[in-house]
Structure formats: structure tokens, C-alpha cells
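Undergrad: only geometry, no sequence info:
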């Protein structure tokens, strides 16, 4: 059995940031990373650029094996953890590898959700594509290069769905998208901003299907952008919700175990609630914070989450919590829109279209808990 001071489950950005931070904090520690995929760290957020032909595949990779060796990090690719004994502090992998540890970080990320029922009939004879791993990206590249698909259905109203829409459009594939309600993206972006998105979709020849509970559109290609779920069965005894529950220090209910990235349902001290934030920057920052606390620090994780994307000429930004709110304020301009979200009069989140310059001031207002009146003085 291998013996590690620090064992990290997941070699993505959260796990890698944690491992490198731990090495800086402790030059002698034995640090082990178990990674499900066969690859060293690569950029998931750059996958759309690869699929749009803007960068070559090799530019996705952010580390090589030599980088792990230089930092004396024991990196095990294609090594999926299948059993964890928190009492004995031992992990066993599918390969047969067993590792004991002093401190454990769960940074295993999320997994794409299965297709929703309305799309199963549409997808019965279709090729289903996701955009989560490098293998997913290679399959998308292959299918689009084949020329076999005249049209495609994009399921979901997420940022990944937006990436699929642009990638397919650039590839000359007829794009069909499905809105759960009357306006595509209304749940995330609000009605006014959703309508702006729809106007832009129509300019690019994208067909929008509304109120899709009984959706029956047939196509040879279905692209899923419906979000992630956390595989939590492997963590017996830990307190879990939608993810692995942590406090503001990213410590779980087990005193020797921490969690970071898409799998962590952490206590957000800015918003005063437990939540999951599934983006690259958040995972990087949480990985570093968790590592400092594993090494004996007492650092609170504090950040206003942000996500940016360009889509068919529009620039979109999501800040803070865009899901839980009781009041919204819409600011519309010519080809731009801002949706400000409040809970009990306090600004908690925002979605922006073509208002990127507002990002910094809104982040600051969310961070300090600005109220409705203070926010309205700046954004009238």
C-alpha cells in the first residue's frame, strides 16, 4: 500500500492547484494524485476554442509529465478511486492501487446529467454528444468533420449549450434549440436578456422550439448542455447534498477530508448559503484554499463567482448567485442587457449581455452586500 501525506482525488484544475500549493507549503510531503482520465491537466474551458479551430489540440494541455516529476508529485492517470474508508484513511482504485493518507482532498468534479425525458425520443436513433472531457471534444470534432449531419438539436439552456450552438453554426450544421418555456434561457438570463439572445439566434439561422415538454424533433445529432451532477455514492459517511458538503474552509464532515471544485457544495460566506459553483476559476481558487487549510492554515474561501463567454458576437457574463433571488431589476439598452438579482433587498447576482465593463463594479457590490438603493444609484 502506498502511503501519502496528502492524497488528491482528481487531477483537474482544482486538484492540480491544490497539489502545487501543497508542494510550496511542504517540500518533503508525499503528495499523490489519482486521476480518472488518461491525461495530464488540460483546459476544459479552452475546448470550445479547439472545436472552433482557433487553437490546436496540443494547446489544451497545461502540464506535462515532467512538470509533475519536477515538483515530486506522484501522478496516477487512468486511476479511478472506487472505495474510500474514511475511518482507516485508505483509498482503493479500480486498478488495484491502494493508498493510505493523512489528509484527503476530493476534487473529482462532476459528471454530465443524463438526457431529460422530452429528448429521449428525439435522441433514439441519434448520436449523443457532450462537451465535458477531451474524448468528448475529439468525438465532436470527428462527427462534424464527417459531414454526415445536416442538422443538430442542442438540448439545454446552459453556457455549454451556447458553446454547442456556436460550434455547430460555424461548422455549417443546421442548429435547432429547445426552450423549456416561452423564451430560451429565461431561467438563467431573464426574459429581456433571453429575448435578446433569441433575436441574435434568429439572425444566425438558428431554429428555436418553444415549450418542449412533448418535444419530438428528429435529428441525427443531439448535443447536451444540461449541466453536471456529482457522483456521491463513493463517499459513504460524508455529509452530502447536491455535492459534498463543506464549511467555509472547504473542510467536509470528516476532519481529515476537504473538497474543492465542481463536487464541493461549500458554504459561501459572501452570500451566506451553501452552493455549488461549477467554473474553472472557482475550482482553481478552491483548490489553492483547500490545500492551505490541509497544510494547517485557517483560510476562509471567499470569492464572487464569475463566468464569461462570447457567443455569436454577444458577450455574456454571469456573476454571483443567478439561481436564488426574490427580486430582479432589468436594464436594457441597444443590443445589451443587464439583469440584477436581489434577495431581501441585497444584490446577490447578475447576468450581463454586452456589458462586460460593468463586471468589476457589480462584483464589488455583490462582495460588500450592497442593497437595492445603493445599486440603483449606480445602475438606474
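TA: Received the coordinates, thanks. Note that the structure is a prediction, hence the values are computed from the model and not measured. Residues are numbered from 1 along each chain as shown.

Undergrad: what about the strands in the stretch 201-350 of the chain?
TA: Taking DSSP state E, counting those that start in this stretch as the criterion, the stretch 201-350 of the chain carries its strands at 207-209, 221-224, 228-229, 244-245, 257-259, 264-268, 273-275, 306-311, 314-320, 327-333, 336-343, 346-353.

Undergrad: Those: which one's closest to residue 251?
TA: Minimum separation from residue 251 across the strands of the stretch 201-350 of the chain (Cβ to Cβ) falls at strand 257-259, 5.5 Å. (Glycine included, C-beta is placed from N, CA and C.)

Undergrad: coming back round to it: ok, which of the strands of the stretch 201-350 of the chain comes nearest residue 27?
TA: strand 257-259 (20.7 Å).

Undergrad: Quick check: mean pLDDT of stretch 185-194?
TA: Mean per-residue pLDDT for stretch 185-194: 91.

Undergrad: how long is that stretch end to end?
TA: 5 Å (Cα to Cα, to the nearest Å).

Undergrad: before we move on, back to that, which one of the strands of the stretch 201-350 of the chain is the most hemmed in?
TA: strand 257-259 (a mean of 28; mean count of other Cβ atoms under 10 Å).

Undergrad: helices and strands around that strand, which ones?
TA: strand 98-106, helix 280-294 (3 or more Cβ pairs under 8 Å, 6 or more residues apart in numbering; DSSP states H and E).

Undergrad: mind running it again at 10 Å?
TA: Contacts defined by 3 or more Cβ pairs under 10 Å, 6 or more residues apart in numbering; DSSP states H and E place strand 257-259 against strand 2-9, strand 98-106, strand 244-245, strand 264-268, helix 280-294.

Undergrad: Find out how far it is from the centre of the chain, if you would.
TA: On the basis of Cα atoms, centre = their mean, to the nearest Å, strand 257-259 sits 18 Å off its chain's mean C-alpha point.

Undergrad: cool, stretch 102-117 as well?
TA: 10 Å.

Undergrad: was I right about residue 256 contacting residue 293?
TA: No: assessed by Cβ atoms under 10 Å, residue 256 is found out of contact with residue 293, at 11.5 Å.

Undergrad: more crowded one of the two?
TA: residue 293 (22 against 13; other Cβ atoms under 10 Å).

Undergrad: Now the more buried one: closest residue in space, sequence neighbours ignored.
TA: Nearest in space to residue 293, with sequence neighbours left out and distances taken as Cβ to Cβ, 6 or more residues apart in numbering, is residue 249 at 4.9 Å.

Undergrad: residues contacting the one you found?
TA: Contacts of residue 249 were listed using Cβ atoms under 10 Å, 6 or more residues apart in numbering, and they are 258, 266-267, 289-290, 292-294, 297-301.

Undergrad: Closest one of those to residue 368?
TA: Nearest member of the contacts of residue 249 to residue 368, counting by Cβ to Cβ, is residue 300, at 15.9 Å.

Undergrad: Check what pLDDT the closest one gets.
TA: Looking at residue 300, its pLDDT reads 98.

Undergrad: Could you measure from it over to residue 370?
TA: 21 Å (Cβ to Cβ, to the nearest Å).

Undergrad: higher neighbour count, the two?
TA: Under the criterion of other Cβ under 10 Å, the comparison of residue 300 against residue 370 puts residue 370 first, with 21 against 12.

Undergrad: Contacts only, for the more buried one.
TA: With Cβ under 10 Å, 6+ apart, residue 370 has these contacts: 342, 345, 346, 347, 348, 361, 362, 364, 376, 377, 378.

Undergrad: what do you get if the cut-off is 7 Å, keeping everything else the same?
TA: Going by Cβ atoms under 7 Å, 6 or more residues apart in numbering, residue 370 touches residue 347.

Undergrad: repeat for the one 5 residues further on
TA: Listed by Cβ under 7 Å, 6+ apart, the contact partners of residue 375 are 340, 347, 365.

Undergrad: Fine by me, we can end here.
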